[in-house]
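Student: Below are the sequence and a predicted model for it; my questions follow.
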Amino acid sequence: MGEKVDVGFGDRDAKESGDPQNLDFEFEDPVFEFELRMLDFGDYNPNGDGHHLVEITAFDGADNQVDSEKIEYWTNSAVNPETAWKTSQKDEVLWHDLYEAGDACDAEAGHPGDYTIELTGEGIERVALRFGEGHDPNIAFDLPCIEREVEIY
């Protein structure tokens, strides 16, 4: 992958107010690949929500969707939920222990506590990261990385 910035970051004001850490990334020159690692999501549910949703969408200069990714699951609405289900019917378990799967230190790669978002497509000029209900205010982000488009003459 191309340009990496090896720093962690988050929106402290949003965290302290309990608001979702919605983020926008804008690129003056279009990129064709965007990668961002999200850490520590899912092990803390202070609002007691049963539905948890993270959506990230890449747009071109005309605001057309280029690519998107989503993390969505349901829990028992506990402050520290244990089980995450694929649907609201709670018939298929995704993770048995969100205290571990949602923790930055203990989660396996690909679990909500250590999840790398990867979007690709031609002409990406903006990426929007949005949290719906059930957001974890203690999340952080790491290793933003982009690959720029190269013109060949």
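Tutor: Arrived safely, thanks for sending. Model, not experiment: these values are computed from the prediction.
Student: From now on I want contacts and neighbour counts done on CA atoms only, so please keep to that.
Tutor: Fine.
Student: Residue 101 is in contact with residue 82, correct?
Tutor: No: with contacts counted by Cα atoms under 8 Å, residue 82 stays clear of residue 101, the gap being 9.2 Å.
Student: joint contacts of the two?
Tutor: Common neighbours of residue 82 and residue 101 (criterion: Cα atoms under 8 Å, 6 or more residues apart in numbering): residue 43.
Student: out of the two, which sits in the more crowded spot?
Tutor: For residue 82 versus residue 101, the count of surrounding residues by other Cα atoms under 10 Å is larger for residue 101: 27 against 20.
Student: Let me know the pLDDT of that one.
Tutor: Note for residue 101: predicted pLDDT of 95.
Student: Can you name the residues that contact it?
Tutor: By Cα under 8 Å, 6+ apart, the contact list for residue 101 reads 42, 43, 95, 107, 108, 111, 112, 113, 114.
Student: Buried subset of those, written for ChimeraX?
Tutor: Entered in ChimeraX, the line below selects the buried ones among those, by 16 or more other Cα atoms under 10 Å:
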select :42,43,95,107,111,112,113,114
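Student: which residue ranges form the helices in the protein?
Tutor: Remark: helices assigned in the chain by DSSP state H are 12-17, 98-101.
Student: circling back: between the contacts of residue 101, which sits nearest residue 29?
Tutor: Among these, residue 114 lies closest to residue 29 (Cα to Cα), at 28.8 Å.
Student: if we can go back for a sec, check the helices of the chain for me: which has the lowest mean pLDDT.
Tutor: Looking at the helices of the chain, the bottom one is helix 12-17 with a mean of 62.
Student: out of everything not next to it in sequence, what's closest to residue 79?
Tutor: Nearest residue to residue 79, sequence neighbours excluded (Cα to Cα, 6 or more residues apart in numbering): residue 45, at 4.5 Å.
Student: low pLDDT regions in this structure?
Tutor: 1-20, 149-153 (pLDDT under 70).
Student: Could you tell me how many residues sit around the nearest residue to residue 46 once chain neighbours are set aside?
Tutor: With Cα to Cα, 6+ apart as the criterion, residue 46 has its nearest non-adjacent residue at 5.2 Å, and that residue is residue 79. For residue 79, the count of nearby residues is 17 (other Cα under 10 Å).
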